[in-house]
Structure formats: C-alpha cells, structure tokens
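**Q** Quick one, fold the following:
(one chain, ligands or ions: 2)
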Amino acid sequence: MKAIVWHGKEDVRCDTVSDPEIEEPRDAIIKVTSCAICGSDLHLFHNFIPAMMPGDIMGHEMMGEVVEVGSGINGNLRKGDRIVVPFTITCGECHQCRRGNWSVCERTNRKKELAEKAFGHTTAGLFGYSHLTGGYPGGQAEYLRVPFADSTHIKVPDGMPDDQALFLGDILPTGWQAAVQCDIERTDTVAVWGCGPVGQMAIRSAVLLGAEQIIAIDRLPERLSMAEAGGAVAINFETESVIERLNELTDNRGPDKCIDATGLEAHVSLTHPDSVYDRAKQMFMLANDRAHVLREMIYVCRPVGTISIPGVYSGLADKFPIGIAMNKGLSFRMGQTHVKRWADDLSKRIEDGEIDPSFVITHTVDLDAAPEMYKVFRDKRDSCIKVVVKP
Ligand SMILES: [Zn+2]
Ligand SMILES: [Zn+2]
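**A** Ligands and ions are numbered 1, 2, ... in the order given. Predicted coordinates for the structure are as follows:
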C-alpha cells in the first residue's frame, strides 16, 4: 500500500510499504477513506518530538471502513462499519479508561518504559506519533491497523459525510476539551492564542459554551478572518500589542480564560525578544519548548483566571513564570484529548447542525501530494489552514 513515511527532519515521502495485518485478537484493519495533516504532525516533521525512526508511518487523524476484524472483536465492530479512529489508543478496561481519562490509558503504550522514564507515568499509545507513545504506524496510508479496535473507534452516524466526521478523532474534541476545561461562564472573555485548526475549533466551542466575548490572536489574515467569521474579535500580534489590546477589550481586567492553541513551536518574532531566546535555546538543545505564549497568557490573564493548554509541549520550558501564576492564583488545565469522552456529544451536535467542523478545510489532496502539503501547511502558503488527504 501507499503511505506517508518519515525519513528524517523535514523529509516525509509517499512510499510503498507492506499492508498492515491483524496481529492481535482485538485488532481491526480499516481502509482509510479520509485522513488529515495535523498541526502536531509538524512537530514530528521538524523533529521536535523525540524518538521518531526512519520508516515510521505518519498520521493520527483518520477514518475509514472496517475491512477485517480480529477474533477478539465481540460484535460491536463489523466489516463494512464506517469509523473515525481517535488518535489515542484505548484499552477500555484499565484504571484510567474506566474513569474516562482515555488519553492516559495505562495499557496501550507498548513502549511503556520509555514513557515512564520521560514522564513519570505512561500515557496512551498514539497513532503515528513517535516511539515514546508506542511507535504505532499512523493513518496517512491506504490501510491502518487499529489495535484495541473494540474500544478505539467512534461509529460514524449514517449519512454523515467524511468531511464532517473526520475531525471527531482529533481537532474537534481537542478544541472542545480546551474550552470545556475553561469552565466558561456567561460573562467570560476567552482569549485563544493560535488560530490554526485547533484554535478555530476552540473558538467555535467557546461560542457554543456561551462565552460573552472571544478574542483570537494570530498573525495570518486568513486565519483571523476565519476566527472572526466564527464570532471572535481578532488581534494580529504582528501589527498590534497583544497585552494592550487584551486590556482594552476587557476594561484592564484581562481575559478570564486563556487558551494556548500554539504549543511548543510558538512563532518567533523580533517584537518578542523572549521568543528569539527560546528559539536559540531550542536550537542548542538547551530547552525543548518555546514558552512565549505561556508567559504572555500568565502575564495578562485575570487574577484567579484559567489557563487551558491543548497545544502540544514535549518536555521542559525555560523561564516559566511560576511566581506570577502563583501570586495571581491562576488555574492550569491541560492534556492530550480524552477523545472518547466527548465523541457522542459532539457527533450529536454535528448531526443537529450546531457545528459543522468541515469549515476549517482549505485543501483536499491525494496521498502522492501529501508530502508537498506538509510544506505548504507549515509555511501557511496558499492560505492553507487544514489539509485533508483522500488515499
Ligand atoms: Zn493532532
Ligand atoms: Zn486503558
């Protein structure tokens, strides 16, 4: 089959590899009908996430048709079913899965010892996402093996087109969880840093959850106009001061809730000297993560406000202002998404027409064109916001 394969830093290719096979009784194989390039794939593309190996298949946002099931699949999944595959692999039985903490499933990371060493505890196995999280082949491919498939799937409601269902596996619940974790109240101003696909979903979610004012921070006009179309007030950090504008828009109180939808690759700009410092430390491997957005959020957030972090960080961030955060009494909520916790509610909201996540798609290509699209997406060329790939 054809698949997008990681060869090294900024080198992914569409290669021919062997088809996946059932390896365990709880496996299923799907024929991938749609997959996407996620912002977190760029962190792998740039080799900021450790433990990628040449030959790894990329992709953790995918859906398709079940073509084979293992002997241990007990009837809740059949050949011909259309499913979205959550990016987190879940066993459905461990201590954390039973509590709905799906993204920290204790059993599905088959390289557990690595993760325990790095994080203190293992997190769930992830598709197409480094050997720290199991080294499972990803879904930017014609076929995908889904381990623990009886737990690791979301059934697609009849008649729901791929473009509406696909994002149920990652960016939609990720933006939603980021907003839910803000415990939004009617009088709240929610500020969202980063208007890529997850930021866009967080903005739409904050609207659905009833925030009074939503503010979107980015530098790209096409992303900011998409955010405005979703109900946000836009701040372009390249042409105006984020802190001054946020204070203006909130009577100097600062936003009540701040969402970091940028993560470890925050934009580096001469107008923010600390971002240049972060980039330099990252280049010399003296820090993993660029913390400019975190610092700015902590500084401007209303005292006793909430900081919600859906953006991916990989390790240690330098100059984290814990003193400001402590004295202001801020709360931090973060984490990889517990996809299955939100799946039923969100798929009903799509069916009811409350939200149509396909608004974010700007490009649709086939697998052969996907490697080039990594660069187009990375460089935000051609007004690219979200790429869907049809294998
Ligand atoms: Zn993702
Ligand atoms: Zn589990």
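**Q** Convert the C-alpha atoms of the helix or strand of the chain with the lowest mean pLDDT to CSV, please.
**A** Lowest on mean pLDDT, DSSP states H and E among the helices and strands of the chain sits helix 273-283, with a mean of 79. Output of helix 273-283 as CSV, limited to C-alpha atoms (Å, rounded to 0.1, in the frame of the first residue of the first chain):
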residue,chain,number,x,y,z
PRO,A,273,12.7,39.1,22.3
ASP,A,274,11.9,36.1,24.6
SER,A,275,10.7,34.1,21.6
VAL,A,276,14.1,34.6,19.9
TYR,A,277,15.8,33.5,23.2
ASP,A,278,13.5,30.3,23.2
ARG,A,279,14.4,29.5,19.6
ALA,A,280,18.1,29.8,20.3
LYS,A,281,17.9,27.6,23.4
GLN,A,282,15.9,25.1,21.3
MET,A,283,18.5,25.1,18.6
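**Q** do you know how far Gly55 is from Gly138?
**A** From Gly55 across to Gly138, the span is 12 Å (C-beta to C-beta, to the nearest Å). (C-beta placed from N, C-alpha, C; glycine too.)
**Q** Compare these two (neighbour count), which wins?
**A** When neighbours are counted by other C-beta atoms under 10 Å, Gly55 and Gly138 differ, and Gly138 comes out ahead with 27 against 11.
**Q** any idea which helix or strand comes after the strand of greatest length in the chain?
**A** The strand that spans the most residues within the chain, counting by DSSP state E, is strand 28-37. Later in the chain than strand 28-37, the nearest helix or strand by DSSP states H and E is helix 39-45.
**Q** gap between that next one and the chain center?
**A** 10 Å (C-alpha atoms, centre = their mean, to the nearest Å).
**Q** Glu372: neighbour count?
**A** Count around Glu372 with other C-beta under 10 Å applied: 12.
**Q** Could you tell me which residues of this protein lie near ligand 1?
**A** Cys38, Ser40, Asp170 (C-beta under 5 Å from the ion).
**Q** and which of these is nearest Lys9?
**A** Ser40 (15.9 Å; C-beta to C-beta).
**Q** Report the closest residue of the stretch 1-150 of the chain relative to ligand 1.
**A** In the stretch 1-150 of the chain, the residue that lies nearest ligand 1 is Cys38 (3.1 Å; C-beta to the ion).
**Q** swap in the stretch 251-391 of the chain?
**A** Closest point on the stretch 251-391 of the chain to ligand 1, by C-beta to the ion, is Val312, at 7.8 Å.
**Q** How about the stretch 151-300 of the chain?
**A** For the stretch 151-300 of the chain, C-beta to the ion, closest residue to ligand 1: Asp170, 4.3 Å.
**Q** on that earlier part again, list the neighbouring strands of the longest strand of the chain plus their orientation.
**A** Here strand 28-37 is paired, per DSSP bridges, with strand 62-69 (antiparallel), strand 143-146 (antiparallel), strand 387-389 (antiparallel).
**Q** Please identify which helix or strand holds Thr364.
**A** Secondary structure assignment for Thr364, by DSSP H and E: strand 363-365.
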